[in-house]
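Trainee: fold the following for me, if possible:
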Amino acid sequence: MLNIKQLIDELQKIKGKGFIKTTHPHQGGVGNTLETLLGIKENNLRIPDLGVVELKAKRINSNSMLTLSSKSPLPRGTNRRIFEFLKRLGDDGIYRLYTTVYGSRKNNRGLRIFIENSKLILVNPANEEAYWILEILDDVLKKGTQKVLLVLAETKGKLGSKREMFHYTEAYLLSGLNFKNLKYAIEHDKLLIDIRIGADLHGKAAGKYHDHGTGFRIHKKDYLQLFEKHEKLI
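Mentor: As a prediction, the model looks like this:
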């Protein structure tokens, strides 16, 4: 069992190795590879100095945006119906709906998000009921006093492939998710939603509808501000 000093030392060693080839070639490989490097079998760390800490690793791109979660709105099939209403035909003959949704205003496709009770509502010109239960952001956002160890990695190679590589460069200890800060982040366009729907380009499903994932994205510095306490470890 690592104490906090030993954990920091291990993270520094991992950072010093530079880019490391994934040990788990899939979307969750960034976390599984880190777990392997730390010699743990699950993402709950028990640290004597801190208690139980949730380990989360995330890819970070060149403009420091984090993808917190990727999930289509409810009810099931809503994205498909919104797509049919808003899709546009590209020069390559493929219908697509690629758009970023904000909380402060409707975008140029008539989409907007806002919080109502325990739901994140997606306003849309198709007048479809569309929402996310806020708990889906528990992928990295933890309520109450539970602590999160967030480790960020630069990447090389195709996401989820056997050739993807990670350089774990930063680590933060976070605690005390603040709902008011989350609401502020949505209303002031700190937390954005990317809708990415198109078609498969290759294989048997070429040309057919493909939802590439609805991503919740936020800048690293704004993500840290969602928590009452955040301490940089490396």
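Trainee: Gly176 and Phe227: what is the separation?
Mentor: According to CB to CB, to the nearest Å, Gly176 and Phe227 sit 6 Å apart. (Each C-beta comes from the backbone N, C-alpha and C, glycine too.)
Trainee: my error: substitute Thr36 in the last question.
Mentor: Counting by CB to CB - Thr36 and Phe227 are separated by 27 Å.
Trainee: one step back: comparing Gly176 and Phe227, which residue is more hemmed in?
Mentor: The residue with more neighbours, out of Gly176 and Phe227, is Phe227; 22 against 16, by other CB atoms under 10 Å.
Trainee: tell me the contacts of the closest residue to that one other than its chain neighbours?
Mentor: Nearest residue to Phe227 in three dimensions, chain neighbours excluded: Leu174, at 4.3 Å (CB to CB, 6 or more residues apart in numbering). When contacts are counted by CB atoms under 8 Å, 6 or more residues apart in numbering, Leu174 is found next to 147-150, 224, 227, 229-230.
Trainee: just the element for Phe83, please.
Mentor: helix 78-86 (DSSP states H and E).
Trainee: roughly how far out does whichever helix or strand comes after that helix sit from the chain middle?
Mentor: As assigned by DSSP H and E, the chain's next helix or strand after helix 78-86 is strand 88-89. Relative to its chain's centre, strand 88-89 lies at 27 Å (CA atoms, centre = their mean, to the nearest Å).
Trainee: sheet partners, orientation included, of strand 88-89?
Mentor: Applying DSSP bridges to the sheet, strand 88-89 is found paired with strand 95-101 (antiparallel).
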